[in-house]
Structure formats: C-alpha cells, structure tokens
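Engineer: next come a sequence and a model predicted from it.
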Amino acid sequence: MSETQQSQLLCDAAATDAFGRERLRDAFQKMVGIRRFEERAAREYASGKISGFCHLYIGQEAVATGSLAALEAKDHVITAYRDHAHALLRGCTPRDTMAELFGKVTGNARGRGGSMHMFAAEQGFHGGHGIVGAHIPLATGFGWASRYEKRGDVTLCFFGDGALNQGAFYESLNLASLWNLPVIYIVENNRYAMGTGLERASAVVDLYKKAEGFGMPGVAVDGMDVAKMWEVTSEAVERARNDMRPTFIEARCYRYRGHSMSDPQKYRTKEEVEDYKQVDPILLAERTLHERGWATEEETEAWDEAAREAAADAADFADSSPQPRLADVGEYVYQTPFTWHPAEGTTPHKRD
Amino acid sequence: MATMSFREALNAALDEEMARDPKVFLMGEEVGQYQGAYKVSQGLLEKYGEDRVVDTPITELSFAGVGVGAAMLGLRPVIEMMTFNFAILALDQIINNAAKMRLMSGGQYTVPIVFRGPNGPAHMLGAQHSQATENWFCNVPGLKVVAPSTPNDGKGLLKAAIRDDDPVIFLEAELMYNMKGEVSDAADYVLPLGKCHVKREGTDVTIISFSKGIHHALGAAEELAKVGVSAEVVDLRTLRPLDMEGIARSVKKTNRVVTVEEGWPYGGIGAEIAYRIQHDLFDYLDAPVTRVTGLDVPMPYAENLEELVLPTPRDVILAVNSVLYRS
C-alpha cells in the first residue's frame, strides 16, 4: 500500500488537528454506538419485532456525527426518514429510540412516529420526516423563527440526494438566501435515491454547485471523514450565526445497507459496497485515534463492547415496554379538541 | 358596533391580534407593499414593519412550510394564500406537516398556525381560480376548518383562529369581501371555534350552511316566510370539528334538513352532515336529508354555465319544498 493510500485510510490530518483528541474520541464512541444500535435494529426487524419501513444509516455515521459536533445546545436539527443517528446524537436515547421502532409507548414519540418520525423537541431535534424534501421548508421556518426572535441559534437540515430534485429544496434555499436565514442545508449524497443512481436522476452530479443558483456558498466534503465533516460544518455554522447566511454542503457518503429493509440492491455491485467499506467512517476514526496515540486498541474495543451492550439493553427495554393504550388513540391530534372525538362519524360498533 | 366590510373586519382582527401578541406575523404573496391582493392586509406593513408583514415570492409550498416550522418553534404565523386555489401546491405542508406533527411526535409540538385566504367559486374566473376547497381540509384530522359568513363572524372567528393552538384553515368567501355589516368593536371580541350559530330561527325546516352559502339560505328563508314556511338557518361557522350538538338542537325542533354548499357533491360537507344526522337523529327525521351543492363539473367560464353550476336561493327553496313534501 502506497503512502497516499495509507493516508486516505485516516481522517484528514489538518481537520483532525483542529477537531482534537477529545472530540475524536467522543465521535468514535458515538459512531460505533449508532452502528451497533442499527445492527441490533436490523436483527430485531428480521425477527419481526420491528415492522414497517426501516432505513438504516450504516456507512453514513460520520456525516451526522461530525456536523452535529459543530452545534451548540440551543441549535436545531431536522432530517428525513433515515433518522436514527440524528435522533441518537441529539437528545434521544438508545432505549427510547429502540422503543419507538418497536411501536411502544416508551418510544421518543410515544409509539406514534416509528422509524421515520423520531423527535426530541426540547433538545432541538425536530424529526424524522417521511416525505422526500418536505421538511426542508420546516428547517427554513426554524431559520425564520431564529431571525424573527433574534435567538442566535442555527439549524442543520439533512436530506438525501433524492430530495434535490424536489421543488421544496429549490424554493427553500431561495428563501433562505433571500431572507438571510441561519440554516445549513446538508445533502447526504449516498449516490442512490432508493434504487435510482444519482446520474440517472440529476442533470448535475456535482451537487454542491447548485448553491450558486441561490447565491450561497456550496461546498463538497468527504462525508466518510468525521473530522472533515466537523470542520466544514463549523465554518458554515459560524457564517450562519455571525453573518446570518445559509450554506449548502454536499457530504459525499455511502450506505452499505439497502434503501430500506426490503431492498434487493440490484442497482449496484457487491464490489462497489466492499470498496466503500475500505473507507468506513468508523474505521477511519479508529485508525486515526490509534495512529495518533489518542486511544488504545483496548479502549476502542471497550467502547465497541459498550455500544453492543447499550443496543442489547435498548432492545430488552423496548421488548418489555407496553404498547400505547387503545383508549389513547385520540391523544396528540388536537391541543384543544372542542367536541372532536376520533370515533365520531365512523363505524358505529367502534364508537363509545 | 361599527359598519364594516368583510375585508375591513378581517383586517381589524389581524391588526388587533398583531398588536396583542408579538409572536403573530402575516406572511404571503403581496401582503405587504402591494397591501394584499384583496386588500385584507391594508395598512399593516406600515404599522408592523417588514419582519411582521412579510412579502414572499410565488412559492406556496415553501412559505407554508416556513410557517409550520416557525409555529413548531412557538411563533403564531398567519399564512395568507392569495387564494386557496394556490394552497393546493402547499397541501403536503398543510396535511403532512401542519396537521400531523403533533401526533407523529407524540404530543411534543403544538402548531398554532392559520392558513387564510379567499376560497370558493367567484365570478367568471374559470376552473382553476374558482372552486370550493373546504371538504379536502375537512377530511384531515389535526386541522380545524373555519368558514365565516358575515363581517362580524369573520372578525370574531379570525381572532379565535389566531389564538387557537392547533392549525386552522380559515376560508374567506372571495365574493364576500365587499359585504358590509355591523361589527363588534368590543375590546376583546372573540367567537368560539367549534360552535355553530343560528342565523335565523324557524320551526318547519333546518337549512344548514356556512360561508357564502348562508346568504343563499337566508334568501330562501325570506322567500319561504312569505308562503308561510318557517325555516331555521344554522351557520356552521366551524366545519371541523363539527358542532353536532348545535345541529341536533335544530333538527329535533324542525325534523327536516337541507344542507347548502357551493362545492362539489362527492364527499362534500352535506354528505358528512347527512350521514351523521341519519345515524344520530334518525327517529327525529320526517324526510330524508337533502343537499344543495354545486354541479359536479370543473367550473366553466361562460356566464350562463357558471350560473347553472352554482347553487342559488331558488335551489334551496326547491330542496326545502322537497323535504316538506310541498309542490
């Protein structure tokens, strides 16, 4: 292996210098925590404990982990339906996230959301959204609220490359630039919108270039490198917080698993997937920690083991938690319901 | 009381609520510098400034979503749709985001937003600019739908909608903006949502309607009175949630019901009310519930065809005659 190839299996040196020992150690633990959590979720899905759609983030962990490390507690995060990582990084626990996957009342959305709709509103994690691109206007609204009330907070808005062909993306970035909103839009370009490769869906495949059309900075970054993700996002966060200007970041990443649990993945080769595993974000972080002497192999192994235990504990908790009460089916529909009842006007035998 | 047009009454409601609560802002196309496509926001930009009276590009999907996002963080947006015909572009934001956020998050959000603007058939605007959209919104749990019929109701209900913590669709009949009426200038005049209102008392038949349809109903009732038929006119005011208690009070009195709406018949407001009345109040009925609606076609432009499509007081009278078995 040449020196160049060797260096490519580490996080970017300058970004790592800036990121520093403590943050990289923390990021590694978070990423391995997310990975083991989702591997466990996949097992629970296979055994029938989890149902519906379940989109795994495996391979993309550095994008959310690095960029969220650039935030303060008062900031906001919103993403699409591949949201387990963002949830775990921002206020949701392995237990309440797994319980949500199981459809239990102890879930972070009390069993009303599921895999695609995780929330921790008080910690600034605003979902968890299932319609491609449709949460990008919400993020823009967070930016609007921030400007309106001079809150000084910023919003990170994540979405996949598939969302870039939706009108919501174009309309929102135009407004954010026009109105000077502190929002950072991050496309997680994992190269596939479900089974449609990027080059089959977008006339321009260098996605960051689209920023120019909105008069905002656009930057492409190696989304497999957690330190680099932090560095690029930090610059954007500073621009948002200090100058009230939005940024568009293209994080180039890869998912190893299918779009969802039911994806036969005939649109790509096994070799392609194996190639990307050579630059796995967790592997890069681990090698960088070891190479710099910032963590020992014993430490990283212990963190990995702790992550597996946390995932197992989460699954046990979810399994033993109760489902929502049937009597509560009408909860959380209205804040002030007046005369409304969920069974009114419906099948008579289901009425009270 | 002061005499005001419907648009002035709505303007007064916006003005009072913006003065009362700094979290209330108005956003939409031409609401600021242009003073509102229908002049409902006249003078508000000068009074409250560009941060609170916000002109948007023509981008309904995204400014509807901006409003929902702002509401999720505690602001109280009033999003003006230049007409509800254009709100169709924003239906995803209204249905999938505004209406569902509370449930999807297990109650972590309230979404105190109002989407308001002109709704319903107007005069010779053609199929895309002339349609009633209320039954689409009424289908969605999580939304409240309000459709006032007078300037006074408009003011009191819009103030209530802005103060409500749930997403409210506030439908203003396009052809009513110039309608004048007595409007309360009481310091804190607010009408309750979710309650219907008897606009005219009667004993022989109940005519249930809302928005501009109320005026067809009142016109019909006036004519019917001349021939000795006493019609009660019930204004729903709020279409969702539906005030079945209020409806039941009137039906138990008259035992005969006609519903009136300008929209299409299939799955319309009248269909819903008729189902509920036949199920809940079957024993009180002396005749099948009959409805008056627009005809089941996209709105044609030609004046004579448009007249044919839209309900009139005469249609209401004929329906009343049928439930009274009069000829």
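Structural biologist: Structure's in. What do you need?
Engineer: next secondary structure after the helix ranked longest in chain A?
Structural biologist: Taking DSSP state H as the criterion, chain A has its longest helix at helix A:21-46. Per DSSP states H and E, the first helix or strand lying C-terminal to helix A:21-46 is helix A:61-68.
Engineer: in chain A, what helix or strand scores lowest on average pLDDT?
Structural biologist: Ranked by mean pLDDT, DSSP states H and E, the helix or strand of chain A with the weakest confidence is helix A:3-8, at a mean of 52.
Engineer: follow-up on the earlier one: quick one: the longest helix of chain A to chain centroid distance?
Structural biologist: 13 Å (CA atoms, centre = their mean, to the nearest Å).
Engineer: could I get the contacting residues of the residue most central in space within chain B?
Structural biologist: In chain B, the C-alpha nearest the mean C-alpha coordinate belongs to B:A147, at 1.5 Å (CA atoms, centre = their mean). B:A147 makes contact with B:N119, B:E134, B:F170, B:L171, B:A173, B:F210, B:S211, B:L236, B:R237, B:T238, B:L239, according to CB atoms under 8 Å, 6 or more residues apart in numbering or on different chains. In short, each C-beta sits where N, CA and C put it, glycine included.
Engineer: could I get those as CSV with neighbour count?
Structural biologist: Formatted as CSV, the contacts of B:A147 follow (neighbours: other CB atoms under 10 Å in any protein chain shown):
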residue, neighbour count
B:N119, 27
B:E134, 25
B:F170, 27
B:L171, 27
B:A173, 25
B:F210, 29
B:S211, 29
B:L236, 28
B:R237, 27
B:T238, 28
B:L239, 25
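Engineer: helix or strand: which one has B:E182?
Structural biologist: Using DSSP H and E, B:E182 falls within strand B:180-183.
Engineer: likewise for A:E274?
Structural biologist: helix A:270-277.
Engineer: can you give the contact residues for that helix?
Structural biologist: If you take CB under 8 Å, 6+ apart as the criterion, helix A:270-277 is touched by A:G59, A:M224, A:Y254, A:Y256, A:L283.
Engineer: tally of neighbours for the third one?
Structural biologist: Meaning A:Y254. 23 (other CB atoms under 10 Å in any protein chain shown).
Engineer: for the stretch 201-327 of chain B, list the residues in contact with chain A, please.
Structural biologist: B:T238, B:R240, B:P241, B:L242, B:D243, B:M244, B:E245, B:E272, B:Y275, B:R276, B:H279 (CB under 8 Å from any CB of the partner chain).
Engineer: can you name the residues bridging to the first one?
Structural biologist: Translated: B:T238. With DSSP bridges applied, B:T238 shows beta-bridge pairing to B:V146.
Engineer: quick revisit: measure the residue nearest to the centre of chain B to B:R116 for me?
Structural biologist: 11 Å (CB to CB, to the nearest Å).
Engineer: now do the shared contacts for those two.
Structural biologist: In contact with both B:A147 and B:R116: B:F170, B:L171, using CB under 8 Å, 6+ apart.
Engineer: give me the neighbour count for residue 261.
Structural biologist: All of this refers to chain A. When neighbours are defined as other CB under 10 Å, A:M261 has 18 of them.
Engineer: ah, no, chain B please
Structural biologist: By other CB under 10 Å, neighbour count at B:E261 equals 30.
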